[in-house]
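Chemist: Need a 3D model of the following:
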Amino acid sequence: MSWLGKMIGGTFGFLMGGPLGAILGASLGHQFDSGMNTMDAQEKLNPGDQHRVQMAFFTATFSVMGHIAKADGRVSPAEINLAKRVMDEMQLSAEMRETAINLFNQGKNRDFPLHQVLDQLRHECHRRTNLIRMFVEIQVQAALADGTIDAAEERILLNICSHLKISRIEFESIKMQIQAQQRFYSYQQQSSHHQRPRQTSQDNLADAYAVLGLTSSASDFEVKKAYRRLISQHHPDKLVAKGLPEEMMTLAKEKTQKIRKAYEVIKATRG
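Modeler: Numbering: from 1, shown residues only. I've put the predicted structure just below:
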């Protein structure tokens, strides 16, 4: 049973307070106790605490996604479709899908408490940097749903990174890698369906390197090191153990598949 099912079933021994608890409670039609505090940052996670991290991650993911989508004043069909595609890939139950949609819509509200949400998410995730990075990657991917990140979306994304202690350099690296992933994946899809790709094979190779955060001048050692690091960062089981909702494992698996395919393309060209 998912964490949401357990919560609705009343089997949780705790509830999450703070802005995330209020947002999730409103999405579920419940009023959580706003006086309940999150755990001390030094406390060790036990199985129940992991469920709370999952709740925080799920709640923040879809509400912040809605906030970014509204950044330029309107939510485009591409941004709505991206949110739906994420839900489809997660294979959410009807109950969880409805909750995700409600969270997305709450994020569009003018008084959405972005800073408080991010501060609580970081507190709940403790020092789980790979989990925080996964959150940012999902938000950047959502912002790129319509093909570009406009100035308003970029400001919010940089604001998000600042609150989550992610540097401007790391943000630019994440953005570049996700853009490369999208182009690389599109090329592979077109090739597998015997369509004429928009890119050349040379452009595709450049994107394969960019997926790993590298250029073609990288040594074999650097390529292998980058590949292993990214696979470790996005390993689905490791992320779930750190608090990624199990329903989001599909997103992590998709990322590892793209990273692995890019590595295979590079290896094949190097012989």
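
Chemist: So residue 253 is in contact with residue 236, correct?
Modeler: Yes. Using CB atoms under 8 Å, residue 253 is in contact with residue 236, at 5.2 Å. Yep, even glycine has a C-beta here, placed from its N, CA and C like the rest.

Chemist: higher neighbour count, those two?
Modeler: residue 236 (18 against 14; other CB atoms under 10 Å).

Chemist: lowest-pLDDT helix or strand in this structure?
Modeler: When the helices and strands of the chain are scored by mean pLDDT, DSSP states H and E, helix 3-8 comes last with a mean of 57.

Chemist: From residue 58, how far out is residue 86?
Modeler: 11 Å (CB to CB, to the nearest Å).

Chemist: likewise residue 121?
Modeler: For residue 121, the distance to residue 58 equals 11 Å [CB to CB].

Chemist: who are the neighbours in contact with residue 157?
Modeler: 68, 136, 139, 140, 143, 149, 171 (CB atoms under 8 Å, 6 or more residues apart in numbering).

Chemist: Let me know the secondary structure of it.
Modeler: For residue 157, the assignment made with DSSP: H, G, I helix; E, B strand; the rest coil gives helix.

Chemist: ditto for residue 255
Modeler: Residue 255 - assigned by three-state DSSP - is helix.

Chemist: burial count for it?
Modeler: Taking other CB under 10 Å as the criterion, the count of residues near residue 255 is 25.

Chemist: Send me stretch 84-94 as PDB with only the CA atoms.
Modeler: Provided in PDB are the C-alpha atoms of stretch 84-94 (Å, rounded to 0.1, in the frame of the first residue of the first chain):
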ATOM      1  CA  LYS A  84       0.000  14.500 -16.500                       C
ATOM      2  CA  ARG A  85       2.800  12.500 -18.100                       C
ATOM      3  CA  VAL A  86       4.700  12.400 -14.800                       C
ATOM      4  CA  MET A  87       1.500  11.100 -13.200                       C
ATOM      5  CA  ASP A  88       1.100   8.500 -15.900                       C
ATOM      6  CA  GLU A  89       4.700   7.300 -15.600                       C
ATOM      7  CA  MET A  90       4.200   7.000 -11.800                       C
ATOM      8  CA  GLN A  91       1.100   4.800 -12.500                       C
ATOM      9  CA  LEU A  92      -0.800   6.700  -9.800                       C
ATOM     10  CA  SER A  93      -4.000   5.300  -8.500                       C
ATOM     11  CA  ALA A  94      -7.100   7.400  -9.200                       C
END
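
Chemist: Give me the contacts around it.
Modeler: Stretch 84-94 is contacted from outside by 2, 5, 65, 96-97, 100-101, 138, 142, 245, 247-248, 250-251, 254, using CB under 8 Å, 6+ apart.

Chemist: any idea of the mean pLDDT for it?
Modeler: For stretch 84-94, mean pLDDT is 77.

Chemist: buried set for it?
Modeler: Judged by neighbour count using 16 or more other CB atoms under 10 Å, the buried positions of stretch 84-94 are 86, 87, 90, 92.

Chemist: now do stretch 178-194
Modeler: Those would be 178, 179, 180, 181, 182, 183, 184, 185, 187, 188, for stretch 178-194 by 16+ other CB under 10 Å.
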